[in-house]
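Chemist: output the structure for:
(3 chains, ligands or ions: 3)
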Amino acid sequence: MKPRAFDYVRPDTVAEAVDILAEYGDDARIMAGGQSLMAILNLRMAEPKVIVDIGGHTAFKGIKVANGFLEVGASVTQNELMNWPDLAKTSPLLAKALPWVGHFQTRNRGTVCGSLSHADPSSEIPLSLATLGGEVVLRSKRGERVVAAEEFQTGMLSTSREPDEMMVAARFPIAANLKRAAFREVARRHGDFAILALAAVAETDTSVRLGIGGLADRPVATRIDASSKSAIADALGTLAWELEGSDDIHATARYRRDLLRRMGPIVIEEAISCAA
Amino acid sequence: MEVLGKPLVRKEDAALLSGRGRYADDIAEPKRTLQAHVIRSPHAHAMIGRIDARAALEIPGVVAVITGEDIAKISDPFLVAVKADVPQWSLAVERVRYVGEPVALVLAETRYIAEDAGEAVEIEYQQLPAIIDLRAAREKTSALVHESAKSNEVHTRAFTYGDPDAAFKAAHKIVKMTSEFPRQSFMPMECFVVVSEYRPADDSYEVMANFQGPFSTQPVMARACRVPGTRFRIKTPADSGGSFGIKLSVFPFMVLCGLASKIVGRPVKWVEDRLEHLVAASSGPNRITEVEAAVDKDGRITALKLDQIEDYGAFLRAPMPGPLYRMHGALTGAYAIQNLSVVSRVVMTNKMPSALIRGFGGPQMYLTLERLVQMIAREMGLDHLEVIKRNLIPAGSFPYKTAAGSLFDSGDYPRCVELATGGGRLEALMKRRDDARKSGKYYGIGFAAVVEPAMSNMGYLSTLLSPEAREKAGPKNGAVSLASVRVDALGAVSVTADCVVCGQGHETVLAQIVAEQLGLRIEDITVNLELDTANSDWSIAAGTYSCRFTPGTAVAAHIAAQRIRDKLSRIAAKQLNVLHTDIEFVKGKIRSKSNPDNAMAFGRVAGTAHWSPIMLPDGMDPALRETAVWAPPELTPPSHDDRINTSLTYGFVFDMCGVEIDPVTCEVKVEKYVSMHDAGRLLNPLIAEGQIRGAFVQGLATALYEEFVYDDGGSFLTGTFADYVVPTATELPELELMHIESPSPFTPLGAKGLAEGNCMSTPACIANAIADALGVENVQLPATPARINAMISGEEPARPAHVAPRQGIASAGTGGAKQKDARQIKGSGSVQVSASPEKVWEALLDPENLKSVIPGCHALEVVGPNDYRAEVSLGVGIIRGRFKAQVKLTDLKPNQSGRLGGSISGPLGNSSGTGLLKLVPDGGGTRIDYDYEVAVFGKAAAVGGRMIEGAAQIVISQFFAAFGRKLGGAPEKKSLAKRLGSLWGGKGTTK
Amino acid sequence: MRRVAKDTKARVTLTLNGKKTTGEAESRTLLTDFLRHEIGMTGTHVGCEHGVCGCCTVLIDGVAARACLTLAQAADGRSVETVESLTGLDGKLNPLQEALRDHHALQCGFCTPGILMSFTDFLKRVPDPTVEQVKDVLGGHICRCTGYQGLIDAMMDGAKRLRS
Ligand SMILES: Cc1cc2nc3c(=O)[nH]c(=O)nc-3n(C[C@@H](O)[C@H](O)[C@H](O)COP(=O)(O)OP(=O)(O)OC[C@H]3O[C@@H](n4cnc5c(N)ncnc54)[C@H](O)[C@@H]3O)c2cc1C
Ligand code: FES
Ligand code: FES
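Modeler: Ligands and ions are numbered 1, 2, ... in the order given. Modelled structure (predicted):
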């Protein structure tokens, strides 16, 4: 398990990074925390020609609140965000979701933007971004564009990022009606990728955003009429079949659907019962 | 007792805590050593075709690529214990028989380069049907794993003890069940490491490896290399990163690297990586047991019938089929059952070979027996614990001779049960159960009673031969242990012994044993356990396995230390002018008991033996070195009526646990676990507890987490630590340990083995608790949430009429609940194009067009009518690999339908599949409907875990989408996720 | 901008256990291989090379991280601390190491260096952890031998010893 050969580049600025991406396109790969990419390289399951290492670089750091968003820079690690003192107040959903992302040791290096770029269908951070209706900022030599979460992740490990683009930031909405949040997941072990992950945000006492990870090929977020138990059950019953899920070595599609039907009401209830 | 029996902290730890361990890969290798990389089979069963290494040998730094043909020329197949023609060399010859089987060895200057070259070696395979399912393998019509063996069931023997037929006739009730034990491994954290060097001068091999024994395999290795044992020298390093039985299975690689070194004339080093280890290192055997019990009206078992069918995978490696016979004498467990019939069967399948694993046959056996006892209670309306108690071997009946010949040394089983369930423990659990059930939760209580054998009788395996065959071959029995104690001229004491370090604290315990005899501290004793077959004391039983250390090696050390003590006493007695019976050893002094002031320093007395032979008592040899051989007489060969005392000591474990099953998530939570042990005298309680806790978590893993998963095509699906789920601290339940000590009368130390018991008892105990919680008969292990869900969730709510089934993937995966299904990825889809069916047909047959729509196609070559070879680069997101593809169109019905078949192969693995295309005229255009079936083999299947099916679907839909676009396809319908997602009124993309 | 072409070796200079250290590495060389085979510090172990087992955990710029998921090139100019930094030349163990020994929290010792490094980082941040927090951090490691209880007890006790 040793990687194939590649060129290694560690840029000093964002401009240098996007220059390299422009030059090599799909043959170049950003390495942020390396917590997914390095494992894939060690297994020889990818064939990039150039690795562009932005890990730990101060030029890409920064957590800030602006324009109704919590904005997280490209090399901000999951632990840096988790330990950011204002997180629970600013984005209760992220504060509840981040402890589920891997382990203390992987969060020390794994980045928020790296997780979004990697686009694993079971990941907690893309699920949170989708549930909150956030967006990502992509930069290339051609300029910068902002892409909404639902346009960004297009499928399993797939996004609408162009090969010459780098994600420079992720923006998580922090509006007042997004503070009553709940998060639950089931995995074979704590720290594993979720079999099913659910994020809920109660916008009002009767309307809840529900994000579902691990069932479809990407996180799916929808608004649920939470006015009655039966309305919730109906909505979840339909969603379970709409998303259907698939079997893998850890769980059956059937189990995933059952989990959604049984755990959904609990997470929704938890979000509603959060103090505003 | 000054030091023995005390919970002393370990001598080993200071180095290991400081990064100063000396593990196999830490040791500097000889100069000019080449690094090896093993190329492995992606297929479960295939003929090996052409192996083309030309491109690999072009890579700078690559020295050689060695194949099975090269190996077969200079070596013989490994010896096998069973009389069956199942030859195995250290590389596959002609045919591969399991995923991960070594096919070729690349030697290069660095491991990185060796792996590069591995990808450049082209190997052709002709796939054969894979034999995976154990039941199917036994059918008459099954294809054969080894044609030369003429059957997949390569060994069958039936045994009868007492009069089971009469007991079954007289039975009040007969209770039957089938138990299935899964494939798994206890997975040491350090993988295999080998450094081999061939010395042409004397045609000898020198091998350093983290091998653990049994050294009965040393002659097997030497024979394979066609040299006498003295010319196959094995050295083990000072430290080892765990073994649990698994590190026996490094032995074929010790031979392989030796032979490779002979071929290239340089030392060869190989370090196994985790992917290799998971896919192909070693597995515990899976077993199906059909069992029947004859029971009297009180729930007493009067007879047992067992049919044990054990799956050894593709090869039988020495000393297999150990797990099937190691428990033979103790097959009736902790119960007084004197009528027994048993059939033992060895079956070959296309899976990785099974070998040694902690518990070694015990986990399989006790899952059956202990589940059976619970079933008896259930079927007779009796209390489970009561049925256990009524059947236990009564106190006071030791030594107890079992039906099949074991001689249980000591114990008080009923007392252990009383103590463990007493003290309010069971009451508390019952209250928990009542409360939980009242509030609508699932809660169950489980028990398991287990006799834990230690130090195997080397003769047990010969039970598999008929008495006549045994007669001819000569008796096999015993278990020889050796240890040496030396004292130098300044009184420094050192110990060597025939066990191999695997982390159990042998160094500390040996120091305790010797220090105890010599009145010293453990700091005064130096222990060296780097075994070297060229100059250590060892015999074929050497090694670390079957808990032989405590009843074996430790006793040898004790005897050697006693002899040194005796010798020193006599020397001192002469100098102190007292009788040697008046001598005692206290705190570094040797002195007169009656007059403690009459004393000499330990070192002074020892020095006499070296410096002043003249001062020794008459007839005494100078120097101070004693090698003791311990070979207990109780380990006799199998008798004429097949009774065999399979082990020397027999400890007892009684477990009790309470589990709660979450009705929402179906997760099983072990709330409370009590484990009661009687392992005779404890030599170091701290180390004993560590062993038990470690075994417990491995038992927990068997019950709830770990399983090697194969699909029906033989693909291996659990190739990473994300797929093969080893529990961590966050999964740890509360464990309460209890002990009583019934010393073994058969060893001078009175100590028994204790490190394997919970691997045997814990899976059964948890399975029983789950059965109790859910009121079910069958509990398949590991009891994953998906499996529990399948047991309790009943019919699924129907799909609402307005929700159409999803297009595309409709796979029969292996997910938890139905792991027996094939992992054929099936799916369907359709694309709408504006071109007419005729135009579509034309495009389909046009190579240029195909080239532009096959995803990632670099080159396409026409090799026949509608038959193509292509180079493609396929993947999803970051995951990407290069493949050679073959594509063929058949069953052509012009303008209507055709079959697209093909296969791809590359370093990422292989895949083959077919798709049926139908062109349906639709408006002015065409709807192309497609159905496909794809199978995935090799690395992609092993590590693709959660994503492989989705990935296959994406690649296929990429093809059709591109095809559609070419022909004026309609834009993709907005996906569900997008429809739902845009509810937030997201901004889409902004510049 | 640091650039290393494939198949070439470049000098990697880092502060290793407080000392400036230099070695050669290819662009693709893993930090584990660099530490073990180029520098010769074999205390950092390799158990999986895909980030799950935790055997290879070291401190990079003070935080616990997987060396197997780090390129040697990425360590250039950074500080790396390995298990070898914990014991003095006189062989004296630190309070955390002593706690592990006293609680029999290691058997084969293969997982131990990584676990020590994780907790060297964690206990600096959270000197007085709960059992749940300790289990959570330990959850990033696999130990096949001990059954974890000794490790949990050792970390709770080690934290106490470090505080006093
Ligand atoms: C043991 C273990 C357990 C884990 N468990 C979980 C879990 O439970 N949940 C979970 O969500 N994740 C989990 N992960 C993965 C998570 O840790 C990774 O952090 C995350 O997926 C990727 O972040 P990264 O910064 O490490 O990205 P990298 O691995 O460096 O990159 C991942 C991908 O994103 C691309 N990329 C990264 N940054 C950018 C950017 N700024 N612009 C463009 N492309 C970019 C890379 O090119 C690469 O393709 C686990 C990992 C490990 C090792
Ligand atoms: S070797 Fe790095 S985490 Fe396993
Ligand atoms: S002590 Fe052996 S793996 Fe932890």
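Chemist: from here on, contacts and neighbour counts on C-alpha atoms
Modeler: Noted.
Chemist: now do the same contact list for residue B:519.
Modeler: Neighbour list for residue B:519: B:585-589 [criterion: CA atoms under 8 Å, 6 or more residues apart in numbering or on different chains].
Chemist: domain map for the chain?
Modeler: Reading this off chain A. When chain A is parsed with automatic domain parsing, its domains come out as A:7-53, A:58-173, A:180-272.
Chemist: looking at chain C here, not the other one
Modeler: C:9-85, C:95-163.
Chemist: mean neighbour count, distance to ligand 3 and mean pLDDT for those domains - can I get that in a markdown table?
Modeler: As requested, the domains of chain C are arranged in a markdown table below (neighbours: other CA atoms under 10 Å in any protein chain shown; distance: least, CA to the nearest ligand atom, whole Å; pLDDT from 0 to 100):
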| stretch | mean neighbour count | distance to ligand 3 | mean pLDDT |
| --- | --- | --- | --- |
| domain C:9-85 | 22 | 9 | 98 |
| domain C:95-163 | 22 | 4 | 98 |
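Chemist: kindly reformat the ones you listed as TSV containing distance to residue A:13.
Modeler: Formatted as TSV, those follow (distance: least, CA to CA, whole Å):
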stretch	distance to residue A:13
domain C:9-85	16
domain C:95-163	29
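Chemist: residues of the stretch 51-200 of chain A that sit close to ligand 1?
Modeler: Along the stretch 51-200 of chain A, the residues adjacent to ligand 1 under the rule CA under 6 Å from any ligand atom are A:74, A:100-102, A:106-107, A:110-111, A:113-115, A:117-118, A:123-124, A:166-168, A:191-193.
Chemist: now, the residues you listed that are in strands?
Modeler: A:166-168 (DSSP state E).
Chemist: closest to residue B:400 among those?
Modeler: When these are compared for distance to residue B:400 (CA to CA), residue A:167 wins out at 72.8 Å.
Chemist: contacting residues around that closest one?
Modeler: A:74, A:113, A:117, A:136-139.
Chemist: out of the domains of chain C, nearest to residue B:728?
Modeler: Closest among the domains of chain C, using CA to CA: domain C:95-163, at 5.3 Å.
Chemist: how far does that closest one sit from the chain's center?
Modeler: The chain centre lies 12 Å from the centre of domain C:95-163; the measure is CA atoms, centre = their mean, to the nearest Å.
Chemist: any weak-confidence spans in the stretch 151-276 of chain A?
Modeler: A:276 (pLDDT under 70).
Chemist: where do the helices sit along it?
Modeler: In order along the chain, the stretch 151-276 of chain A carries the following helices (DSSP state H, counting those that start in this stretch): A:229-243, A:253-272.
Chemist: looking at those helices, which one is packed in the most?
Modeler: helix A:253-272 (a mean of 23; mean count of other CA atoms under 10 Å in any protein chain shown).
Chemist: against which helices or strands is it packed?
Modeler: strand A:181-186, strand A:196-202, strand A:207-213, helix A:229-243, helix B:785-792 (3 or more CA pairs under 8 Å, 6 or more residues apart in numbering or on different chains; DSSP states H and E).
Chemist: got the CA positions of the fourth one in CSV?
Modeler: Written as CSV, here are the backbone C-alpha positions of helix A:229-243 (Å, rounded to 0.1, in the frame of the first residue of the first chain):
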residue,chain,number,x,y,z
LYS,A,229,-47.4,12.7,14.2
SER,A,230,-49.2,11.2,11.3
ALA,A,231,-48.1,13.9,9.0
ILE,A,232,-44.5,13.2,10.0
ALA,A,233,-45.0,9.5,9.6
ASP,A,234,-46.5,9.9,6.1
ALA,A,235,-43.7,12.2,4.9
LEU,A,236,-41.0,9.8,6.2
GLY,A,237,-42.8,6.8,4.7
THR,A,238,-42.8,8.4,1.3
LEU,A,239,-39.3,9.7,1.6
ALA,A,240,-38.0,6.3,2.6
TRP,A,241,-39.3,4.8,-0.7
GLU,A,242,-38.3,7.8,-2.8
LEU,A,243,-34.7,7.6,-1.7
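Chemist: residues in contact with that helix?
Modeler: Under CA under 8 Å, 6+ apart, the answer for helix A:229-243 is A:215-216, A:224-226, A:257-258, A:260-261, A:264-265, B:797, B:799-800, B:803-806, B:976.
Chemist: dump the residue contacts of residue 78.
Modeler: Let's take chain A. Residue A:78 neighbours (CA under 8 Å, 6+ apart): A:98, A:107-112.
Chemist: my bad, the chain I had in mind was chain B
Modeler: B:87-89, B:220-221, B:223-224, B:317.
Chemist: can we see that at 6 Å?
Modeler: With contact set as CA atoms under 6 Å, 6 or more residues apart in numbering or on different chains, residue B:78 has these partners: B:88, B:224.
Chemist: how near is the residue lying closest to residue A:191 once chain neighbours are set aside to residue A:108?
Modeler: Using CA to CA, 6 or more residues apart in numbering or on different chains and skipping the chain neighbours, the partner closest in space to residue A:191 is residue A:102 (4.2 Å). According to CA to CA, to the nearest Å, residue A:102 and residue A:108 sit 10 Å apart.
Chemist: interface residues of chain B facing ligand 1?
Modeler: Checking chain B against ligand 1 by CA under 6 Å from any ligand atom, the hits are residue B:878.
Chemist: got the residues of chain B near chain C?
Modeler: B:9, B:16, B:18-19, B:26, B:189-190, B:241-242, B:274, B:502-504, B:690, B:693-694, B:697, B:728-730 (CA under 6 Å from any CA of the partner chain).
Chemist: hang on, isn't residue B:206 packed against residue B:233?
Modeler: Yes - counting by CA atoms under 6 Å, residue B:233 is a contact partner of residue B:206 at 4.8 Å.
Chemist: circling back: would you turn the domains of chain A into TSV with distance to residue B:369?
Modeler: Output for the domains of chain A, formatted as TSV (distance: least, CA to CA, whole Å):
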stretch	distance to residue B:369
domain A:7-53	42
domain A:58-173	39
domain A:180-272	28
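Chemist: now do the strands in chain C.
Modeler: Going by DSSP E, chain C shows strands at C:2-4, C:9-16, C:19-26, C:57-60, C:63-66, C:79-81.
Chemist: picking up where we left off before, can you tell which of the domains of chain C is closest to residue B:535?
Modeler: Short answer: domain C:95-163, nearest of those by CA to CA, at 24.8 Å.
Chemist: go ahead and flag the most central residue of chain C.
Modeler: residue C:58 (2.8 Å; CA atoms, centre = their mean).
Chemist: what sits against that one?
Modeler: By CA under 6 Å, 6+ apart, the neighbours of residue C:58 are C:64-65, C:81-82, C:117.
Chemist: what about 7 Å?
Modeler: Shown in contact with residue C:58 (CA atoms under 7 Å, 6 or more residues apart in numbering or on different chains): C:64-67, C:80-82, C:114, C:117.
Chemist: what's the answer for residue B:25, then?
Modeler: Residue B:25 neighbours (CA under 7 Å, 6+ apart): residue B:193.
Chemist: what's the neighbour count on residue B:533?
Modeler: When neighbours are counted by other CA atoms under 10 Å in any protein chain shown, residue B:533 registers 21.
Chemist: pretty sure it contacts residue B:232?
Modeler: No - with contact defined as CA atoms under 7 Å, residue B:533 does not count as touching residue B:232 (8.3 Å).
Chemist: and the contacts of residue A:167 near chain B, which?
Modeler: Near chain B, judged by CA under 7 Å from any CA of the partner chain, there are no entries from the contacts of residue A:167.
Chemist: in PyMOL, select just the buried ones from these.
Modeler: In PyMOL syntax, the buried subset of the contacts of residue A:167 is picked out as below (16 or more other CA atoms under 10 Å in any protein chain shown):
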select buried, chain A and resi 74+113+117+136+137+138+139
